[in-house]
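Asker: Here is a sequence together with a model predicted from it:
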Amino acid sequence: MMSNEINSDTAKMLFKEGAIFVLLDMPEGSEFGIDYNSWTTGPNFRGVKMIPPGIHYIYYRTGFFRNFKQREIVVRKWDRSLEEDVSQADKERVEGNLQELDQYLGAYPYENYKKWISLTSHISEELLGKLQPECGAITSVTQFLSPPSNSEMRRQSAETLAQQENTSPSDTRKKKKLPQLQKVPGTAIRFTKIPKQRYPEGATPQQITVYSMDSTFMLDSIIQSDYSKNKRGILGEIQFAFICFLIGQVFDAFDQWKKLVHLMCGSEKALNSHSDLFMDFIAMLHFQVHEIPEDFFVDIVSANNFLTTTLQEFFSNLEAGNGDIKLRERGLKFRDHLTRKFKWDFTTEPDDYAPVIVDS
């Protein structure tokens, strides 16, 4: 059923200009989702129509982002293997039979579209090409190559290592008990690598100390190397990671989200050089924090007070006078909002420099 929140003019426009995603041969009772919505499929399910043009995330066995164009028709085939592309003949048959197929297509849940836009506002098609796995599919479970099973190959490998290390084959086998797992090529999300060095080459000991207290050098390094054309691309990567861990349940994405949020919050001097970027960063975090389920938030995001301690540093940097006046005002309003909603107190600093929880 279509929500009452979509008016007739919008419905007509989406019916005419919206994209269509067709999924053939999907078993009844399977989970299917698009963006922030998921369902258990019935016997007649064939896909979704009236998809607003733009970035969307579709998931069933695996997930993928796609920038849908106006009136675009995308056809996939459910299969137990990962081969889902359909033949050109099948696609043409679907396109020629849309009128009959229409009754089996669910309408895009437009009532949640504004929420989705707020969570993906900085994700571009170019960014998708940079971050998505080469195979095009995002999976919650990391795919590894199977370790060698031939005992003779393992024995020879142990003997070779023993010769190199001047140890006995048995000792080497003990060191190599666990298989050396490698990810299946092309299946990993291609997240930006966070620089390990916090200071430039040739820095003096005194300079190293200063750089180590501020992440601006690392942030600037990422912007220059990966997002020189559009520095807001780093916000898009944070949003991409957020969607992948919140909806796709990808732990590596959760880890990347934490790292990038921590990097942004710890970049004190960047508040002055990139005030406009941090204005958007605050708005992005506002939407993300409000979309994390309460139990998930308590169990994972608040583990070791990650978010509260990270934001404590961010707000302290703003209070120190960094950033223009508009940024400071917005940042401190955001702090006050979080205090009211989640009962966090960022104004006191206990001995371990962590915010405390305000008693209800």
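Answerer: Good, I have the coordinates. Numbering: from 1, shown residues only.
Asker: I'd say residue 36 and residue 112 touch.
Answerer: Yes. Using Cβ atoms under 8 Å, residue 36 is in contact with residue 112, at 5.2 Å. The C-beta positions use only the backbone N, C-alpha and C, and glycine is treated the same way.
Asker: so where do the helices sit in the stretch 101-250 of the chain?
Answerer: Taking DSSP state H, counting those that start in this stretch as the test, the helices found in the stretch 101-250 of the chain are 113-120, 125-131, 151-165, 169-175, 205-212, 216-226, 233-246.
Asker: Which neighbouring elements make contact with the last one?
Answerer: What it means is helix 233-246. Counting contacts by 3 or more Cβ pairs under 8 Å, 6 or more residues apart in numbering; DSSP states H and E, helix 233-246 packs against strand 63-68, helix 113-120, helix 125-131, helix 216-226, helix 251-265, helix 275-291.
Asker: so which of these comes closest to residue 6?
Answerer: Of all the helices and strands packed on helix 233-246, it is helix 113-120 that lies closest to residue 6, at 8.7 Å by Cβ to Cβ.
Asker: just for the stretch 201-350 of the chain, where's the confidence low?
Answerer: Across the stretch 201-350 of the chain, residues meeting the criterion (pLDDT under 70) sit at 295-305, 348-350.
Asker: Try it again at 90.
Answerer: Residues of the stretch 201-350 of the chain that meet the criterion pLDDT under 90 lie in 290-309, 341-350.
Asker: how far away is residue 337 from residue 113?
Answerer: Counting by Cβ to Cβ, to the nearest Å, the separation of residue 337 from residue 113 is 24 Å.
Asker: Would you work out how far apart the start and end of stretch 321-328 are?
Answerer: Terminal residues of stretch 321-328 lie 8 Å apart, using Cα to Cα, to the nearest Å.
Asker: From residue 226, how far out is the closest residue in space to residue 311 that isn't next to it in sequence?
Answerer: Distances taken as Cβ to Cβ, 6 or more residues apart in numbering place residue 265 nearest to residue 311, at 6.3 Å, with adjacent residues excluded. Distance of residue 265 to residue 226, given as Cβ to Cβ: 19 Å.
Asker: which of those two has more neighbours?
Answerer: residue 265 (22 against 15; other Cβ atoms under 10 Å).
Asker: Please name the residues that touch residue 208.
Answerer: 198, 199 (Cβ atoms under 8 Å, 6 or more residues apart in numbering).
Asker: If we use 10 Å, what do you get?
Answerer: Applying Cβ atoms under 10 Å, 6 or more residues apart in numbering to residue 208 gives the contacts 197, 198, 199, 200.
Asker: What of residue 64?
Answerer: Residue 64 touches 56-58, 76, 84, 128, 132-133, 135-138, 248, counting by Cβ under 10 Å, 6+ apart.
Asker: what's the answer for residue 71, then?
Answerer: Residues in contact with residue 71 (Cβ under 10 Å, 6+ apart) are 16, 17, 18, 19, 20, 53.
Asker: rerun at 7 Å
Answerer: 17, 19 (Cβ atoms under 7 Å, 6 or more residues apart in numbering).
Asker: rewinding a little: just flag the most distant two among the contacts of residue 64.
Answerer: Greatest spacing in these, by Cβ to Cβ: 56 and 135 (18.8 Å).
Asker: Neighbour count: these two, which is higher?
Answerer: Comparing residue 56 with residue 135 by other Cβ under 10 Å, the one with more neighbours is residue 56, at 21 against 16.
Asker: Any idea which of the helices and strands packed on helix 233-246 gets closest to residue 235?
Answerer: helix 275-291 (5.6 Å).
Asker: which residue sits closest to the spatially most central residue of the chain, ignoring its sequence neighbours?
Answerer: What sits nearest the mean C-alpha location of the chain, by Cα atoms, centre = their mean, is residue 241, with 1.5 Å. Using Cβ to Cβ, 6+ apart and skipping the chain neighbours, the partner closest in space to residue 241 is residue 257 (4.0 Å).
Asker: and the angle from whichever strand or helix holds residue 21 to strand 63-68?
Answerer: If you go by DSSP states H and E, residue 21 is part of strand 19-24. Here strand 19-24 points in a direction 140 degrees away from that of strand 63-68 (axes from the mean of the first three to the mean of the last three Cα atoms, to 10 degrees).
Asker: Keeping just the C-alphas, turn strand 19-24 into CSV.
Answerer: Taking Å, rounded to 0.1, in the frame of the first residue of the first chain, the C-alpha atoms of strand 19-24 are listed here in CSV:
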residue,chain,number,x,y,z
ALA,A,19,13.3,3.6,-11.9
ILE,A,20,12.3,-0.1,-11.7
PHE,A,21,14.2,-3.0,-10.2
VAL,A,22,13.1,-6.4,-11.3
LEU,A,23,14.3,-9.6,-9.4
LEU,A,24,13.4,-12.8,-11.1
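Asker: downstream neighbour of it in the secondary structure list?
Answerer: Per DSSP H and E, the first helix or strand lying C-terminal to strand 19-24 is strand 31-34.
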